[in-house]
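# got a sequence here, can you build the structure:
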Amino acid sequence: MSIRILLADDHEIVRFGLCSLIEEQPDMEVVGEVENGRKAISCAHKLKPDIIIMDIAMPDMNGIEATRRIHKEYPDIGIIILSMYSKKKFIIDALKAGVSGYILKTKVYDDLILAIKAASAGEVYLSSKIAAIVAHEIVGGLPIYEKSAYTVLTPREREVLQLISEGKSTKQSALHLKISIKTIESTRRQIMYKLDIHNIADLTKYAISEGITSLDF
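Residues are numbered from 1 along each chain as shown. I've put the predicted structure just below:
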């Protein structure tokens with residue numbers, strides 16, 4: 001029986017390359033492709049894949065936020081982060097979100113199939129560079145559970161923060177999330193209060209530093 005895989009990456013060329021690599025494996029198949037985290041959640045509901053290959057930096061909803069929500073509802077789905085980012089903060093947030101693997105796009109051909117097989121067996125797979133960072137944190141006795149947007153802000157606040165930092169107006173954000181303009185405004189005020197940040201430019205910088213959004217959008 002084939003391992004059923006969903007691809008979530010906002011770059012079509014990346015999805016094409018991943019699909020080509022996976023389809024070479026006799027026991028694996030790609031059952032869907034999406035370009036953002038919100039659609040990944042929707043497809044997880046509909047398709048119930050065995051594995052999701054998830055980018056971090058995606059518009060509308062990032063990969064870590066999507067991972068948290070999918071893992072909470074479907075803990076048996078293995079989620080592998082495939083990212084350009086090797087920052088400690090992103091790795092820790094991803095692991096806390098419940099990922100089954102974290103591999104780098106620079107090492108995808110070496111690590112992807114191994115990561116899929118490990119996740120399918122209920123194991124965790126980390127690229128060598130990622131594993132070294134995690135090991136350094138543990139051996140060094142440094143606090144691996146550090147303060148981040150995922151501990152300070154609620155899921156709704158992170159959603160609104162991402163939309164604001166990607167240039168959505170209050171009205172656009174309200175329409176997109178199907179909530180009132182007043183709710184968006186009050187949520188934005190709460191975000192600014194919690195973070196002690198009081199302008200959109202600094203909110204955007206914060207969102208980028210936390211991996212909530214990316215400079216690409």
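
# outline the domain layout of the chain.
3-139, 149-209 (automatic domain parsing).

# let me see the mean pLDDT of the shortest one.
Same thing as domain 149-209. Mean pLDDT, domain 149-209: 94.

# what about that domain, how long is it end to end?
End-to-end span of domain 149-209 (Cα to Cα, to the nearest Å): 10 Å.

# from the domains of the chain, which stretch is densest packed?
Using mean count of other Cβ atoms under 10 Å, the stretch among these with the greatest mean number of neighbours is domain 3-139 (a mean of 19). All C-beta spots, glycine's among them, are computed from the backbone N, C-alpha and C.

# for the record, mean pLDDT for that domain?
On average, domain 3-139 scores 94.

# how far away from the center of its chain is that domain?
8 Å (Cα atoms, centre = their mean, to the nearest Å).

# and the strands in the chain?
When assigned using DSSP state E, the strands of the chain occupy the ranges 3-8, 28-34, 51-54, 78-83, 101-104, 125-126.

# grab the most central residue of the protein for me.
Compute the mean C-alpha point of the chain, and by Cα atoms, centre = their mean the closest residue is G63, 1.6 Å away.

# now that one: how far from T170?
25 Å (Cβ to Cβ, to the nearest Å).

# quick one: A118 and S127 touch, right?
No. Using Cβ atoms under 8 Å, A118 is not in contact with S127, being 11.7 Å away.

# helices and strands around the longest helix belonging to the chain, which ones?
In the chain, taking DSSP state H as the definition, the longest helix is helix 181-195. If contacts are counted by 3 or more Cβ pairs under 8 Å, 6 or more residues apart in numbering; DSSP states H and E, helix 181-195 sits against helix 155-165, helix 170-177, helix 200-209.
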